[in-house]
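Participant: Any chance you could fold what I've pasted below:
(2 chains)
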Amino acid sequence: MNLTDLFVSSLLNNNIAFTFILGMCPLIAISTNVKNAKGMGIAVVIVVTLTGIINYPIYLLLKATNTTNLALLVFIITIAATVQILEIFIEKYLPKVYSSFGIFLPLITVNCVVLAVSLFFVNRNYNFLQTATFSFASSLGWMMAIIIVAGVREKMAAIQSDVPRGLVGKGIVFIILGILSLAFLGFTGLSF
Amino acid sequence: MKLIRLRYTKWYNIMKDGISRNNPVVVAVLGICSSLAVTNKVENAIAMGLGVTFVVMASSAAVAAIRNFIPPKVRMVTYMVIISTFVIAVQMFLAAYFPAISKALGAYVGLIITNCIVMGRAEAFAVRNPVRYSLIDGFASGMGYTFVLLMVSVVRELLAFGTLLNIQIMPVTFPTWAVMALAPGGFFVLGLFIWLIREWIHYYETV
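Facilitator: Residues are numbered from 1 along each chain as shown, chains lettered A, B, ... in the order given. Below is the predicted model of the structure:
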């Protein structure tokens, strides 16, 4: 699979939020306005790309020592450590960036997208460049998804749309997500 | 007589809350991440639900048992290590005894680790309560979750394949709804299900 193809397919027709239904907890919780959604999205892109790249050589090491059963445990520790180090680093050297999306960083450890990307490259036998491309494109796709949903919700709040009371809040987000993911089905078969 | 008295015990209340008023999926909208993708078949939903129930119970009990020794600063990482140990156990169990289901679930078994329910119960309940109540609380949350998965997957499998647990239910001429097996079907069914339950237990969000 060539890299452009992989990039486009993980961004659009295999979008990690709309096709694999991953990262839903933060997507639903933080999509009330576009500004927060953007902050969360950028944080996810950075963390997912970094952990994808870091986890690949670690997986090779596990494979060489024949302990792939421990992959889950090792991946989650790498992710937690990366997030922690990134948080300390950004707080110290980029205080301005920290104030805009620093609060989202600790939440990312439990974002399914991060772990899922690491598990998917194992399942699909990607090489290093493919892993890096896949991590970046998937997280970009997730950022796109959260910003679209936040945009829709912001507009709905602005015009005070008439939602049935049982669906108010988080319920209606599922309907929005359903319609959006129907639209993304239209990208099926797209390739370059 | 004993049954009536049971209604007022702490055990009963924890149990009831987990399934109805504190249902993790319907009320708190947690744990959607690793679940919607596997609910297009009832058998997958049962495996996932029971897997999550086991992990919640085991990790809540473990966290409760060592709650006085966990330094507050590194508690998240401690939970993570405990949870992933149990998830690896579930993964190996499925791979050994139910290879077909393990293959269908794929990477989603591993994603139980990041299921917010497991972490949520450890953080919200197990760190402050003794082992026996934590076990019941984990069981109740897990069952509430399994119940929702089961309901969603029954609707989806019936409409998408015309079957239940791979047994043909609908007439063979029934035009199957392919979209129900895909992501949009999951979103719509769960959205409508949340609506239904919230009307039933009179839980409304105000924005």
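
Participant: give me phi/psi at residue B:164?
Facilitator: phi -130, psi 130 (degrees, to the nearest 10).

Participant: ditto for residue B:196
Facilitator: Dihedral angles (degrees, to the nearest 10) for residue B:196: phi -60, psi -50.

Participant: do residue A:121 as well
Facilitator: Dihedral angles (degrees, to the nearest 10) for residue A:121: phi -70, psi -30.

Participant: what's around it, how many residues?
Facilitator: 23 (other C-beta atoms under 10 Å in any protein chain shown). Every residue, glycine included, has its C-beta placed from N, CA and C.

Participant: Same check on the one 5 residues further on?
Facilitator: A count of nearby residues for residue A:126, using other C-beta under 10 Å, gives 19.

Participant: And the pLDDT for the spatially closest residue to it that is not a sequence neighbour?
Facilitator: Once flanking residues are discounted, residue A:126 sits nearest to residue A:134: 6.1 Å by C-beta to C-beta, 6 or more residues apart in numbering or on different chains. Per-residue pLDDT puts residue A:134 at 92.

Participant: same question, residue B:51
Facilitator: 90.

Participant: which residues sit in contact with it?
Facilitator: B:90, B:94, B:109, B:112 (C-beta atoms under 8 Å, 6 or more residues apart in numbering or on different chains).

Participant: what's the closest of these to residue A:17?
Facilitator: residue B:112 (19.1 Å; C-beta to C-beta).

Participant: all helices for chain A, in order.
Facilitator: A:3-8, A:24-29, A:34-64, A:71-93, A:95-101, A:105-108, A:112-123, A:128-158, A:170-185 (DSSP state H).

Participant: Stretch A:44-60 near chain B anywhere?
Facilitator: No - using C-beta under 8 Å from any C-beta of the partner chain, stretch A:44-60 stays clear of chain B, with a minimum separation of 12.6 Å.

Participant: Can you show me the CA trace of that stretch as CSV?
Facilitator: Output of stretch A:44-60 as CSV, limited to C-alpha atoms (Å, rounded to 0.1, in the frame of the first residue of the first chain):
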residue,chain,number,x,y,z
VAL,A,44,-4.5,14.4,19.9
VAL,A,45,-2.7,14.9,16.6
ILE,A,46,0.6,15.5,18.5
VAL,A,47,0.2,12.7,21.0
VAL,A,48,-1.0,10.0,18.5
THR,A,49,1.7,10.8,15.9
LEU,A,50,4.4,10.7,18.6
THR,A,51,3.2,7.5,20.3
GLY,A,52,2.8,5.7,17.0
ILE,A,53,6.4,6.5,16.1
ILE,A,54,7.6,5.5,19.6
ASN,A,55,5.6,2.4,19.9
TYR,A,56,6.8,0.9,16.6
PRO,A,57,10.5,0.2,17.6
ILE,A,58,9.2,-1.0,21.0
TYR,A,59,7.0,-3.5,19.3
LEU,A,60,9.9,-4.7,17.2
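
Participant: close to chain B, is stretch A:79-95?
Facilitator: Yes - remark: stretch A:79-95 sits within contact range of chain B at residue A:80, by C-beta under 8 Å from any C-beta.

Participant: Please enumerate residues in contact with that stretch?
Facilitator: A:46-47, A:50-51, A:54-55, A:97-98, A:102, A:105-106, A:108-109, A:114-115, A:118, B:76-77, B:80.

Participant: List the buried residues for it?
Facilitator: Buried residues in stretch A:79-95, defined by neighbour count with 16 or more other C-beta atoms under 10 Å in any protein chain shown: A:79-80, A:82-84, A:86-87, A:90.
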